[in-house]
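# Pasted the sequence and its predicted model underneath.
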Amino acid sequence: MDPSMLEPSDPFVIPPSEKAGATAAAATKTPTGIIFRLSVMMFLQFFIWGSFFVPLGGYLGKIFAGQNVVGDIYSTNNWAAIIAPLFVGLIADRFFNSERVNALLQILGAGLLWKCSTITDSPDRLFWWMLGYFVCYMPTLALVNTIAFQNVASADNEFPKIRLWGTIGWIVAGLVVAQSVFGLFDLPVLPGYTDAGATNFPMKLGAVASLIYGLYSFTLPATPPNGRGTPVSIAKMLGLDSLRLFLDPSFAVFALCSFLISVPLAFYYAMTYPFVEAVSFGKQTAGVMALGQVSELVFMALVPFFFRKLGVKWMLLVGMLVWTLRYAVFGLAPSVPAMLVLGIVIHGICYDFFFVTGQIYTDRKAPKEIRASAQGLISLLTYGAGMLVGNKVLDWWTARTHLDAATRQGWLTGAKEFWLMPAGVALVVAVIFGLAFRDKAQGGKAAARDAELP
């Protein structure tokens, strides 16, 4: 969004694949028809999430004005992210084809999301229905990657191109809801709507797309379970077998700071849309917000270059410091549209420099046999526990600052106090990381692996 670093369920980061056999696999190519079908799958997967997740904060602020429930309802995504590994490990990995499980979850999710769009009188009811929806949706983030990995000849060469269509789907969803191309000119594709992002339309759009996608999933290549007959290990599915990595002080510092930096991250996902909508861009906000995903595409391609030039520590540190810069810009220049656009456009640095680099670092530090578990553990610390705490802090801070998030004047009055707090938290985490992190992996093997980055 998509809006975690669990391999392979993170909505925005390309999961690592094993190098063994890559050379041989590269000699063959997946049929174009399968590549096309998998690309459509990725497009629909993230079109659904992108259609409603970004404007949801603004919509909630309108229907539940003054109740400070935005963070609580957004946390349903984080609770579901914690549950998702268990679901996939217990069901999809052992008993049923991934494409069939994906189809059923998307169809069920369509009904639940449509129901969410009808609830305007009770935040408690909406919380439970939204939790039900995300319990269906979050496991499918892992399922679609499983379907892709098992049906391509070379994951290293072909998966990134397929995964790219997921980000494109997220961007297109934002443009459709905004009826604007990045705020530059109108894109009138929704007759009768002048400000669709402020209504329940995005959830209805996501529900319809989910139903279509669910039916389409039955046509995807067969993907039988790989773990059929293997022992069930809850500890492994939660990544707990990778706790031994904490014996390495550098990894322990990285993991702790990953958790801490995810707390202010929750502020961006839940509150940037209503903030930008109220103070500057109105009905074109979703299109402007899509610039963040465009930036993500650009910096994703540049990560290998900067990784070699800067190394792990400076990549991670720059990512944290740019989070600080973004929130400081929001707090100190809320009435300057160009500065708001800057804060959105640097999303590629904020996200890719920290989360993508963090995934590469985790993959490099973990032994092969616990590499997936290590990614799962970092996912639980970030998109699970970190953002869950962040959403709770968000509601507390919104109430503490008496922020009126429904009006332009409310934001102009309260933006400085509201945004400088997460800016300060991000800065403190960056200082702790800069002083405490020591990456001792040098020379031969580490350098060779860095050079192999796609």
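Alright, I've got the coordinates.
# and the strand or helix carrying A415, which residues are buried?
Following DSSP states H and E, one finds A415 within helix 408-436. By neighbour count with 16 or more other CB atoms under 10 Å, helix 408-436 contains the buried residues 410-411, 413-416, 418-423, 425-427, 429-430, 433. (Each C-beta comes from the backbone N, C-alpha and C, glycine too.)
# helices and strands around that helix, which ones?
helix 249-276, helix 291-332, helix 387-400 (3 or more CB pairs under 8 Å, 6 or more residues apart in numbering; DSSP states H and E).
# Give me the mean pLDDT for the second one.
In this model, helix 291-332 has a mean pLDDT of 87.
# quick check: angle from it to helix 408-436?
100 degrees (axes from the mean of the first three to the mean of the last three CA atoms, to 10 degrees).
# what's the offset of helix 291-332 from the middle of its chain?
Distance, stretch centre to chain centre, for helix 291-332: 15 Å (CA atoms, centre = their mean, to the nearest Å).
# mind giving me the domain split of this protein?
27-232, 238-454 (automatic domain parsing).
# Count the residues that sit near G111.
15 (other CB atoms under 10 Å).
# I'd say it and V208 touch.
No: G111 is beyond contact range of V208, at 11.2 Å (criterion: CB atoms under 8 Å).
# can you give me the strands in the stretch 101-250 of the chain?
180-181, 185-186 (DSSP state E, counting those that start in this stretch).
# as a whole number, average confidence for the last one?
Pointing back at strand 185-186 there. On average, strand 185-186 scores 64.
# do the first one as well
Here the mean pLDDT over strand 180-181 is 66, rounded to a whole number.
# Same question for stretch 207-225.
pLDDT averaged over stretch 207-225 gives 93.
# Now it: buried residues?
207, 209-214, 216-217, 220-221, 223, 225.
# who touches it?
34, 37-38, 40-41, 44-45, 47-48, 51, 92-100, 102-107, 109-111, 113-114, 117, 146-147, 150-151 (CB atoms under 8 Å, 6 or more residues apart in numbering).
# Please narrow those to those residing in helices.
34, 37-38, 40-41, 44-45, 47-48, 51, 98-100, 102-107, 109-111, 113-114, 117, 146-147, 150 (DSSP state H).
# In the stretch 101-250 of the chain, where is pLDDT below threshold?
155-156, 180-189, 191-192, 226-241 (pLDDT under 70).
# Please, where are all the helices along it?
Along the stretch 101-250 of the chain, counting by DSSP state H, counting those that start in this stretch, helices occupy 123-150, 155-178, 201-217, 234-237, 249-276.
# quick check: angle from the helix or strand that contains T362 to helix 291-332?
Assigned by DSSP H and E, T362 belongs to helix 357-365. Using the same axes, to 10 degrees, the direction of helix 357-365 lies 110 degrees away from that of helix 291-332.
# packing partners for helix 357-365?
On a contact count with 3+ CB pairs under 8 Å, 6+ apart, helix 357-365 meets helix 249-276, helix 291-332, helix 371-379.
# 10 Å instead, please
Judged by 3 or more CB pairs under 10 Å, 6 or more residues apart in numbering; DSSP states H and E, the packing partners of helix 357-365 are helix 249-276, helix 291-332, helix 371-379, helix 444-451.
# Just after the longest one, pick out the following helix or strand.
With elements assigned by DSSP H and E, the helix or strand that comes after helix 291-332 is helix 337-345.
# what's that following helix in contact with?
Residues outside helix 337-345 that contact it (CB atoms under 10 Å, 6 or more residues apart in numbering): 182-183, 268, 272, 275-276, 279-281, 285, 288-295, 298, 322, 325-334, 336, 350, 419.
# how far does the helix or strand that contains D72 sit from the chain's center?
Under the criterion of DSSP H and E, D72 resides in helix 70-87. Taking CA atoms, centre = their mean, the mean C-alpha location of helix 70-87 is offset from the chain mean by 12 Å.
# got the buried residues for it?
For helix 70-87, a neighbour-count test (16+ other CB under 10 Å) marks 70-85, 87 as buried.
# pLDDT below threshold where in the stretch 301-450 of the chain?
369-373, 375-376, 440-450.
# Make sure V70 is actually in contact with L60.
Yes: contact criterion CB atoms under 10 Å: V70 and L60 qualify, at 5.0 Å.
# got any residues that touch both of the two?
Joint contacts of V70 and L60 (CB under 10 Å, 6+ apart) are 123, 270, 274, 405.
# Give me the nearest residue to the third one, chain neighbours excluded.
Using CB to CB, 6 or more residues apart in numbering and skipping residues adjacent in sequence, the residue nearest P274 is G58, 3.8 Å away.
# same check, this time on the last one
Leaving aside its sequence neighbours, A405 sits nearest to G61 (CB to CB, 6+ apart; 4.7 Å).
# quick check: mean pLDDT across the helix or strand containing the one you found?
For G61, the host element (DSSP H and E) is helix 56-63. Taken as a whole, helix 56-63 has a mean pLDDT of 86.
# Could you tell me the angle between it and helix 387-400?
Relative orientation of helix 56-63 versus helix 387-400 (the same axes, to 10 degrees): 40 degrees.
# List the buried residues in helix 56-63.
For helix 56-63, the neighbour count (16+ other CB under 10 Å) marks 56-61, 63 as buried.
# and it, how far from the chain's centre?
Centroid displacement of helix 56-63 relative to its chain, using CA atoms, centre = their mean, is 20 Å.
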